[in-house]
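[1] no sequence for this one, just the structure:
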């Protein structure tokens, strides 16, 4: 079944998947109905629904990680994205200028939603092996759950550092089950690596050879996705040898991935789950409000026939980083728009605050759905979590960091540049020059795809006057950026509710 059309059927699990950690469940509520895991896991359909419920946390209606939450809770902290005039939420505006705190709503929501998803994965991993069902499907579903658990923990450990590692279903409300201490990040990473290694056994994408998913299962985790995410994990840990090995498996293996010829094709709904899309959050227009409303949030206001609210806009400098020949610029941004109501073209401009001159006012454009111009909240554009261009740049970066700018590093990097319409880089760059160039191209390739903050916090140097994060944010006008911002604070509500977390806040918070 297509997970983006049938995922909402899985909300019957809501009664059994709440409460991974303390504040994820309201102990004062008296539920009118409850489906226990003992009652639920009886049939093959139950097992499928349980795994669908894990995917549901990626991008369900409202602010979830890959549907707005990472933008308002993470991207806006970076040097790429800022609140637009339509962003009136005080918590969002505070986050964007690095004035957030442990009581911030986005800080808490990211934590809670990830642990809710992890508990769903734990339930599936523990319970599906007991279901009388097709053995091949049983194995696949457990591996999908492990892939998703790894993704959620990877996000958590990058954002919060040491986090509680919970690997089994929460079955009681005893302190032993509810109160879990922080686990060293090294141990969390080892579990992520193990889950993704196990998930290598998932089917491949339809582009390659061997065991394949059918089109009806588009969007599910695959063996190629597991290898790609593991390459990113190794790169994040500065394990360049393994990052090279794993990304090379994806590039050279039987998966059949490639780059779309045109950068615009990456984001058009007509091409979703295409040759470049290794793993994506799935959206569908007019299907129980499961559309991608980022198009509405980034679109201009006041255009007849458009319901844009301009809640998110580029930071001033990022548009200017693109050369005029870079084909990615006019896909990522628009500076004019045609009204679907009257056919007129409207120029998007603003006044320079210093000179008073009129200049272009770029708006993000990646999640535009031509079929939904009159209802931008229902864009069918998927959000890529892993793209093949990412794997190519992971490969190039890891090779350069380990061995310098070799021919293999140039080859992977230049494939991304060629698609962008840029000249190939040639031999002659130093390791530092290659690194600096690649970092710019990663930024331009993945603007507004929830990637920049994760890059900022992993790029060396990590401390001192030359800290990459601090220098980048200071250059963007966020002069209060400091080393404490490498990690989020632990949510105050979690500290208050869990005695084993009290006194263990991240440094500086």
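    Nice, I can see it. Just so it is clear, the model here is predicted, and its values are computed rather than measured. Numbering: from 1, shown residues only.
[2] gap between the two ends of stretch 344-356?
    With CA to CA, to the nearest Å as the measure, the ends of stretch 344-356 fall 26 Å from one another.
[3] Repeat that for stretch 333-348.
    Stretch 333-348 end-to-end distance (CA to CA) = 11 Å.
[4] Buried residues in that stretch, which are they?
    For stretch 333-348, a neighbour-count test (16 or more other CB atoms under 10 Å) marks 333, 334, 335, 337, 348 as buried. (C-beta placed from N, C-alpha, C; glycine too.)
[5] how about the helices in the stretch 301-450 of the chain?
    Ranges of helices within the stretch 301-450 of the chain are 329-332, 388-403, 407-419, 431-445, based on DSSP state H, counting those that start in this stretch.
[6] Which of those helices sits closest to residue 229?
    Proximity to residue 229 (CB to CB) singles out helix 388-403 among the helices of the stretch 301-450 of the chain, at 9.8 Å.
[7] Can you name every helix or strand that the closest one contacts?
    Contact here means 3 or more CB pairs under 8 Å, 6 or more residues apart in numbering; DSSP states H and E; on that basis helix 388-403 packs against helix 223-236, helix 240-252, strand 277-281, helix 407-419, helix 431-445.
[8] please redo it, this time with the cut-off set to 7 Å
    Packed against helix 388-403 by the contact rule (3 or more CB pairs under 7 Å, 6 or more residues apart in numbering; DSSP states H and E) you find helix 223-236, helix 240-252, helix 407-419, helix 431-445.
[9] Mean neighbour count, the ones you listed: which tops it?
    Mean neighbour counts were taken over the helices and strands packed on helix 388-403 using mean count of other CB atoms under 10 Å, and the top value, a mean of 25, falls to helix 223-236.
[10] so for it, what's the average pLDDT?
    Within the predicted structure, the mean pLDDT of helix 223-236 is 98.
[11] ok and that helix relative to helix 388-403, angle-wise?
    Here helix 223-236 runs at 40 degrees with respect to helix 388-403, directions being taken by axes from the mean of the first three to the mean of the last three CA atoms, to 10 degrees.
[12] quick one: helix 223-236 to helix 240-252, angle?
    Helix 223-236 and helix 240-252 meet at an angle of 150 degrees, taking the same axes, to 10 degrees as the criterion.
[13] Need the contact partners of helix 223-236.
    The list of residues contacting helix 223-236 from outside it, by CB atoms under 7 Å, 6 or more residues apart in numbering, reads 147, 150-151, 154, 158, 189, 192-193, 196, 199-205, 242-243, 246-247, 249-250, 255, 257, 278-279, 386, 391, 394, 397-398, 458.
[14] hmm, which of these are the buried ones?
    For the contacts of helix 223-236, a neighbour count by 16+ other CB under 10 Å gives the buried set as 147, 150-151, 154, 158, 189, 192-193, 196, 199-200, 202-205, 242-243, 246-247, 249-250, 255, 257, 278-279, 386, 391, 394, 397-398, 458.
[15] what's the single longest helix in the protein?
    In the chain, assigned by DSSP state H, the helix with the most residues is helix 135-160.
[16] list the buried ones in the next helix or strand after that one?
    Using DSSP states H and E, the helix or strand that follows helix 135-160 towards the C-terminus is helix 175-178. Counting neighbours by 16+ other CB under 10 Å, one finds that the buried residues in helix 175-178 are 177, 178.
[17] please renumber so the chain begins at 5
    Understood, numbering begins at 5; the last thing we discussed is helix 179-182.
[18] before we move on, back to that, could you dump the helices of the stretch 305-454 of the chain into TSV with distance to residue 56 and mean pLDDT added?
    As requested, those are arranged in TSV below (distance: least, CB to CB, whole Å; pLDDT from 0 to 100):
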stretch	distance to residue 56	mean pLDDT
helix 333-336	32	98
helix 392-407	25	98
helix 411-423	33	98
helix 435-449	31	98
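[19] Which among the ones you listed is found nearest to residue 277?
    Scanning those with CB to CB as the criterion, the closest one proves to be helix 392-407, at 12.6 Å.
[20] Helix 411-423 and that closest one, what's the angle between them?
    With the same axes, to 10 degrees as the criterion, the two stretches helix 392-407 and helix 411-423 enclose an angle of 150 degrees.
[21] quick check: angle from helix 392-407 to strand 281-285?
    Orientation check (the same axes, to 10 degrees): helix 392-407 against strand 281-285 gives 110 degrees.
[22] List the contacts of helix 392-407.
    Around helix 392-407, the neighbours that count as contacts under CB under 7 Å, 6+ apart are 232, 235-236, 239, 244-245, 247-248, 251-252, 254-255, 261-263, 280, 282, 410, 412-413, 416-417, 419-420, 435, 438-439, 442, 446, 449.
[23] residues contacting the residue lying closest to residue 351 once chain neighbours are set aside?
    In space, not counting the residues next to it along the chain, residue 351 is nearest to residue 340; the distance is 5.0 Å by CB to CB, 6 or more residues apart in numbering. The contact partners of residue 340, taken as CB under 7 Å, 6+ apart, are 349, 350, 351, 352.
[24] With residue 369 instead?
    Residue 369 sits next to 335, 336, 337, 338 when contact means CB under 7 Å, 6+ apart.
[25] how does it look with 10 Å?
    Contact criterion CB atoms under 10 Å, 6 or more residues apart in numbering gives 268, 271, 299, 302-303, 334-339, 341, 452 as the residues in contact with residue 369.
[26] From residue 436, how far off is it?
    According to CB to CB, to the nearest Å, residue 369 and residue 436 sit 33 Å apart.
[27] Check residue 475 too.
    Going from residue 475 to residue 436 by CB to CB gives 15 Å.
[28] swap in residue 176?
    Taking CB to CB as the measure, residue 176 falls 55 Å from residue 436.
[29] Residue 92 and residue 315 touch, don't they?
    Yes - with contacts defined as CB atoms under 10 Å, residue 92 counts as touching residue 315 at a distance of 8.3 Å.
[30] hmm, back to that, out of the contacts of residue 340, flag the one nearest to residue 80.
    Comparing every one of the contacts of residue 340 with residue 80 (CB to CB), the shortest separation belongs to residue 352, at 20.1 Å.
[31] wait, what's in contact with the spatially closest residue to that closest one that is not a sequence neighbour?
    Once its chain neighbours are removed from consideration, residue 352 has its nearest residue in residue 365; the separation is 4.7 Å (CB to CB, 6+ apart). By CB under 10 Å, 6+ apart, the contact list for residue 365 reads 304, 314, 317-318, 320, 323, 337-339, 351-355.
[32] ok, back up a step: okay, residue 92 and residue 315: which has more neighbours?
    Set side by side, residue 92 and residue 315 show unequal neighbour counts under other CB atoms under 10 Å, the larger going to residue 315 at 23 against 10.
[33] I'd like the distance between the more buried one and residue 94.
    For residue 315, the distance to residue 94 equals 13 Å [CB to CB].
[34] Give me the residue ranges of this structure where confidence is low.
    For the chain, residues meeting the criterion pLDDT under 70 lie at 5-43, 210, 212-216.
[35] what's the domain layout of it?
    The chain breaks down by automatic domain parsing into domains covering 7-205+494-501, 298-388.
[36] just the ones you listed: most buried one?
    Compared across these, domain 7-205+494-501 shows the largest average neighbour count, a mean of 19 (mean count of other CB under 10 Å).
[37] Which strands or helices does the strand or helix carrying residue 58 pack on?
    In this assignment (DSSP H and E), residue 58 forms part of helix 48-63. The helices and strands touching helix 48-63, judged by 3 or more CB pairs under 10 Å, 6 or more residues apart in numbering; DSSP states H and E, are helix 7-10, helix 18-21, helix 41-44, helix 109-131, helix 139-164, strand 281-285, strand 387-391.
[38] and it, how far from the chain's centre?
    Relative to the mean C-alpha coordinate of its chain, helix 48-63 is positioned 19 Å out (CA atoms, centre = their mean, to the nearest Å).
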